[in-house]
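# below are the sequence and a predicted model; questions follow.
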Amino acid sequence: MLRESVIADVAAKQKSNVLGRSPGMSRLGRLPDAPTGFASIVTGVRRCGKSTLMEQRMRLAPEEAFYLNFESTALAGLELKDAGRIDRAIAAAGAKRLFFDEVQQLKGWERYVRTKLDEGFEVTVTGSNASVFAKELGTKLTGRHVDCELFPFDYGEYLAFSGAQASADSTMDYLRRGGFPAYLASNDERLLEALFEDIIVRDVVVRHGIREIDALRRLASYLVENIACRMSATRLRQPLSISSAATILKWCDCFSDAYLFDFVPIYSSSVKVKLVNPRKVYCIDTGLQHVLSSSTAPDDARLFENLVYLALRRVCRDISYFYEGAGECDFVTVHKKRAGAPVQATVTLNDDSEVREIDGVRAAMRALRRKEGWIVTVADEDELSFDEGTVRIVPFHKFDPHDALST
């Protein structure tokens, strides 16, 4: 049990440290205003800027803010039964706006947040675990929260941060460096290596109580090396020396919860078809994958496919890949229960790839009954007409992922 004086002292020091830092590049536009009585919930991978976004909102009225980062070692052992002590620290600070960072560390946090909303406080919280938040929000905070899913910098934010201009060259630079702010500021690869370790240990091993840590690391390393590839848990069990395919699938869910990897199913209206077919794996950041990969020659084709996936993922959660007979297309978004325009990702269209890439988009257009399809490249630009409709070839720096959503 923590003493009230300890909680108040930690909160005061944390707030002072936060307000004493540089505010960083503003991302306040990413965080929608919550109506009175609603909590603002910010989720996303570690080090993508959640705390910075929260701090930027704090600065709008710092004298009214009470800030507490629940991952502080000084707060180890803090439990819901300490809520009264937190309340008294809030009252002593005269705060009206509450900011709770990495709040999932407090078991039962959602009940406490609901209480503070009922008492008339404005509440903003951050967290790094998707399923934990989904479960808890669906119980005590149903209908009382506004969500913000934050990612590392997108291409536009990368340009603003780096001072680069939209072009094929800056696309390739963004492809290799990714969007984690601290890495972009330092170019120190050790930051990304440490981040990966933090996610594995704190957000996967500790949170889910996993004991087979070496096997888990082997799986994580395999996924890093095989982004944009189909993954079959059954086929991986033996070469990775993991006890069962069910264990692999469970661990993949843990990686997804921590926002480290996404696993994209085949497009189908049949749940069974989706379950029995392999999923494609993508990493949360191409810079992270580029640094962690053991390959001496980066596979720009797969990195670029991952880059386009992330652009789509920022505007749509429901994404599949299309595969039917000889036709294959990288992405199909589903928005408002309707498939969007198919999207193909390729670094460049050349004599070897042009027919394959175009035929894949056309096959998807026919199957989905869409009159438009997209091929996103690094520099190529064109517009082609076929019986199925129009295939638009566009460089990444001109591609708006909203165009691929159904209307």
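Good, I have the coordinates. Numbers count the residues shown, from 1 in each chain.
# contacts for stretch 17-27 next, please.
Here stretch 17-27 makes contact (C-beta atoms under 8 Å, 6 or more residues apart in numbering) with 49, 52-53, 55-56, 58-59, 62, 67, 150, 157, 160-161, 181. Quick note: C-beta positions are derived from backbone N, CA and C, even for glycine.
# care to break the chain down by domain?
Per automatic domain parsing, the structural domains of the chain span 4-149, 155-263+270-308, 319-404.
# tell me the buried residues in stretch 301-313?
For stretch 301-313, a neighbour-count test (16 or more other C-beta atoms under 10 Å) marks 302-313 as buried.
# in helices only, show me those.
302-313 (DSSP state H).
# using CSV, lay out these together with distance to A194 and pLDDT.
As requested, those are exported to CSV (distance: C-beta to C-beta, whole Å; pLDDT from 0 to 100):
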residue, distance to A194, pLDDT
R302, 24, 96
L303, 21, 97
F304, 26, 98
E305, 27, 98
N306, 21, 98
L307, 23, 98
V308, 28, 98
Y309, 25, 98
L310, 22, 98
A311, 26, 98
L312, 29, 98
R313, 24, 98
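# burial check on the residue nearest to L260 when sequence neighbours are not counted, number of neighbours?
Leaving aside its sequence neighbours, L260 sits nearest to I199 (C-beta to C-beta, 6 or more residues apart in numbering; 5.2 Å). Number of residues near I199 (other C-beta atoms under 10 Å) recorded here: 23.
# repeat that for N277.
Neighbours of N277 (other C-beta under 10 Å): 16.
# so what sits opposite the nearest residue to it once chain neighbours are set aside in the bridge?
Distance criterion C-beta to C-beta, 6+ apart; nearest residue to N277, sequence neighbours excluded, is I266 at 4.3 Å. Note on I266: beta-bridge partners Y321, judged by DSSP bridges.
# so I266 touches E328, yeah?
No - in this structure, I266 is not within contact of E328 by C-beta atoms under 8 Å, at 10.2 Å.
# hey, what's in contact with both of these two?
Shared contacts of I266 and E328, defined by C-beta under 8 Å, 6+ apart, are found at 321-322.
# re the thing from before, narrow the contacts of stretch 17-27 to those in strands?
Of the positions in the contacts of stretch 17-27, Y67 sit in strands, assigned by DSSP state E.
# which stretches of the protein have low pLDDT?
Low-confidence segments of the chain (pLDDT under 70): 131-140, 406-407.
# looking at it, which helix is longest?
If you go by DSSP H, the chain has its longest helix at helix 4-20.
# that one: which residues count as buried?
Neighbour-count burial for helix 4-20, counted by 16+ other C-beta under 10 Å, picks out 6-8, 10-11, 14-15, 18.
# hang on, the earlier thing: what's the closest of the buried residues of stretch 301-313 to E189?
Nearest to E189, judged by C-beta to C-beta, of the buried residues of stretch 301-313 is L303 at 15.8 Å.
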